[in-house]
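Enquirer: sequence first, predicted model second:
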Amino acid sequence: MKKYSVLGNTLYYDPRTTLFSLYEIPEERLKGVPTVARDEKENSIRPTSYTFCIDVSDACNLRCDYCFNQSKQGRVVDSKAAIEYLERMFTVFPNGEKYFVDMPGKGEPLLALKQILEIAEWCHAKQDEINKEVLPQFVCNGTLLAKDIATILQKHGILFGVSLDGNLAVHDKHRKDALGKPTYSLILSNVKAIEHREYVGCAATLTKDVFPLLEAIDDLSPIFNTLSFRPARGAFGFDEEAEKLWEKEYDLLAKRLVQNADAGETGLFLRLMNGEDYFGRFLCRAFNNIRVVSRCDASIARFALDIDGLVYPCPALTTFPGAALNISEPIESLECKSDKCYLCDFYPICGGECPAVHAHFADSESPNCLFRKHLILLSAFIAEYAYVHNLAFAKEVSSFVDEKMKRSRADPRLAEYMSANPHLSFTEAKKNFDQLERRY
């Protein structure tokens, strides 16, 4: 077994079985444990849900200095073209138990509100047709999210989140409006006015500007039930110096989580594990011993329509023209092309480098790679610690992960409700059911 120092403690890891432990496991006890196969990718991937992304706008009301899209043309998607794409994708992938229609953009989605509502209306009609959930969603910058707009979105069953840059100082340094004015306070004021803000998550971007992570989490936790911190890609992402500083910030967060595990407090765990947080992803995998054969679902169960009309494996790759797909032909899963990734001890936990990041670093080790390894070790230590020192707490967190994973599957309780109310359309039944379950 290999040994790592994590938060001043020793963590043991066996790469053959991908087992972590606070104690060294004798070799004879490992002989009966199955090793993790890495060569059965195609037979291992069985999507239960699909996400069809649509770039709805490259117009924006902000002037962020690090924006990846410096060639905005003020365009919004044509609803007819977007719906034709969706019809095509549902024809190619008809066997999902659930579908998500994600509407990001290379600008601000809410500048395409009319198109978003038209696409959402189509989603409702489609789910009535196929009797499966088709859920419209997007993340916006929050500046246009006035209370009446949020009410319209929630009445139309549209899930939405808000993007920030972590804390006030860093956010306002980069994310200013067209007049150069800061936007952090406006965004939080808008979110606080939303009637059902318990459903609104925060997507925070980590860049080279390192801020006190725990302070930001403490500031945002009373406002958002879901926090997702993710590093920026490409030239706007980490350099080696920033990565090391972020490791220290996450060490502080991990120490807080260990204290919470001792106290049986799940709040911060669930807030990070509920969405798409980078650390939360590995916490989920650690508590439930989840291993992966792919980094993500790009070109497997996720596809993106660019505003130019081409289809890509995911929104992050729409800036790489060579990555466009021909949907009429068989689609290959998007694998990490780096042998260094594939041979890494942590590959079954990580899944490899994002192609959008890999393109910037070629075969060198990216700061994001070093960051992921650090988070994997932290999450493994926290999970092992919890199972040893507070088993009831660990089981509670594990049950939450099980429940989260069910979100990609058809809900049998919804099916029962529909059977009991055959006079309702699928959309009507789902709306009533979600109100009973305090979901939408």
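Expert: Okay, I see it. Predicted model only: the values in this text are computed from it and were never measured.
Enquirer: which helix or strand in the protein has the lowest average pLDDT?
Expert: helix 41-44 (a mean of 47; mean pLDDT, DSSP states H and E).
Enquirer: which stretches of the stretch 201-350 of the chain form helices?
Expert: Per DSSP state H, counting those that start in this stretch, the stretch 201-350 of the chain carries helices over the ranges 213-220, 240-263, 267-273, 278-287, 339-342, 347-350.
Enquirer: rebuild those helices as TSV, extending it with mean pLDDT, distance to Cys296 and mean neighbour count.
Expert: (C-beta placed from N, C-alpha, C; glycine too.) Below are those laid out as TSV (pLDDT from 0 to 100; distance: least, Cβ to Cβ, whole Å; neighbours: other Cβ atoms under 10 Å):
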stretch	mean pLDDT	distance to Cys296	mean neighbour count
helix 213-220	96	23	17
helix 240-263	97	21	17
helix 267-273	98	17	19
helix 278-287	98	10	24
helix 339-342	75	13	14
helix 347-350	92	11	22
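Enquirer: now tabulate those helices in CSV and tack on distance to Thr207.
Expert: Formatted as CSV, the helices of the stretch 201-350 of the chain follow (distance: least, Cβ to Cβ, whole Å):
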stretch, distance to Thr207
helix 213-220, 13
helix 240-263, 8
helix 267-273, 19
helix 278-287, 13
helix 339-342, 23
helix 347-350, 21
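Enquirer: Asp102 is nearest to which of those?
Expert: Closest to Asp102 of the helices of the stretch 201-350 of the chain is helix 278-287 (Cβ to Cβ; 17.3 Å).
Enquirer: how about Thr51, secondary structure?
Expert: strand (DSSP: H, G, I helix; E, B strand; the rest coil).
Enquirer: surely it and Ala301 touch.
Expert: Yes. Contact criterion Cβ atoms under 8 Å: Thr51 and Ala301 qualify, at 6.4 Å.
Enquirer: what's the neighbour count on Val162?
Expert: Using other Cβ atoms under 10 Å, Val162 has 23 other residues around it.
Enquirer: and it, what element?
Expert: Taking DSSP states H and E as the definition, one finds Val162 inside strand 159-164.
Enquirer: next helix or strand past that strand?
Expert: As assigned by DSSP H and E, the chain's next helix or strand after strand 159-164 is helix 168-174.
Enquirer: tell me the first helix or strand C-terminal of that following helix.
Expert: For helix 168-174, the succeeding helix or strand toward the C-terminus, using DSSP H and E, is helix 184-192.
Enquirer: between the helices of the stretch 201-350 of the chain, which one is closest to Pro47.
Expert: Proximity to Pro47 (Cβ to Cβ) singles out helix 278-287 among the helices of the stretch 201-350 of the chain, at 17.6 Å.
Enquirer: now that closest one against helix 240-263, angle please.
Expert: Orientation note: helix 278-287 sits at an angle of 50 degrees relative to helix 240-263 (axes from the mean of the first three to the mean of the last three Cα atoms, to 10 degrees).
Enquirer: so what touches helix 278-287?
Expert: Residues from elsewhere that reach helix 278-287 (Cβ atoms under 8 Å, 6 or more residues apart in numbering): 20, 206, 228-231, 250, 253, 269, 272-274, 290-292, 349, 371-372, 375-376, 378-380, 382-384, 386, 394, 397-398, 401, 404.
Enquirer: report the buried members of those.
Expert: Neighbour counting with 16 or more other Cβ atoms under 10 Å marks 20, 206, 228-231, 250, 253, 269, 272-274, 292, 349, 371-372, 375-376, 378-380, 382-384, 386, 394, 397-398, 401, 404 as buried within these.
Enquirer: what pairs with the strand holding Val162, parallel or antiparallel?
Expert: Strand 159-164 has these partner strands in its sheet, going by DSSP bridges: strand 133-140 (parallel), strand 201-206 (parallel).
Enquirer: which among the ones you listed is found nearest to Glu27?
Expert: Relative to Glu27, the nearest member of those by Cβ to Cβ is strand 201-206, separated by 39.5 Å.
Enquirer: roughly how far out does stretch 250-265 sit from the chain middle?
Expert: Its chain's C-alpha centre and that of stretch 250-265 lie 22 Å apart, by Cα atoms, centre = their mean, to the nearest Å.
Enquirer: what do you get for stretch 420-438?
Expert: Counting by Cα atoms, centre = their mean, stretch 420-438 is centred 27 Å from the centre of its parent chain.
Enquirer: check stretch 189-204 too.
Expert: 17 Å.
Enquirer: stretch 19-37 now?
Expert: 31 Å.
Enquirer: remind me which residues of the chain are low pLDDT?
Expert: 36-45, 68-72, 234, 328-339, 356-365, 438-440 (pLDDT under 70).
Enquirer: any idea which residue sits dead centre in it?
Expert: Glu276 (2.8 Å; Cα atoms, centre = their mean).
Enquirer: which residues touch the closest residue to that one other than its chain neighbours?
Expert: Excluding its sequence neighbours, the residue lying closest to Glu276 (Cβ to Cβ, 6 or more residues apart in numbering) is Ser228, at 4.7 Å. The contact partners of Ser228, by Cβ under 8 Å, 6+ apart, come to 161, 201-204, 272, 275-278, 280.
Enquirer: pick out the most distant pair among those residues.
Expert: Spatial extent of the contacts of Ser228 (Cβ to Cβ) is set by the pair Gly161 and Tyr278 at 15.2 Å.
Enquirer: elements contacting whichever strand or helix holds Lys395?
Expert: Following DSSP H and E, the helix or strand that holds Lys395 is helix 391-405. For helix 391-405, the elements it packs on are helix 267-273, helix 278-287, helix 367-389, judged by 3 or more Cβ pairs under 8 Å, 6 or more residues apart in numbering; DSSP states H and E.
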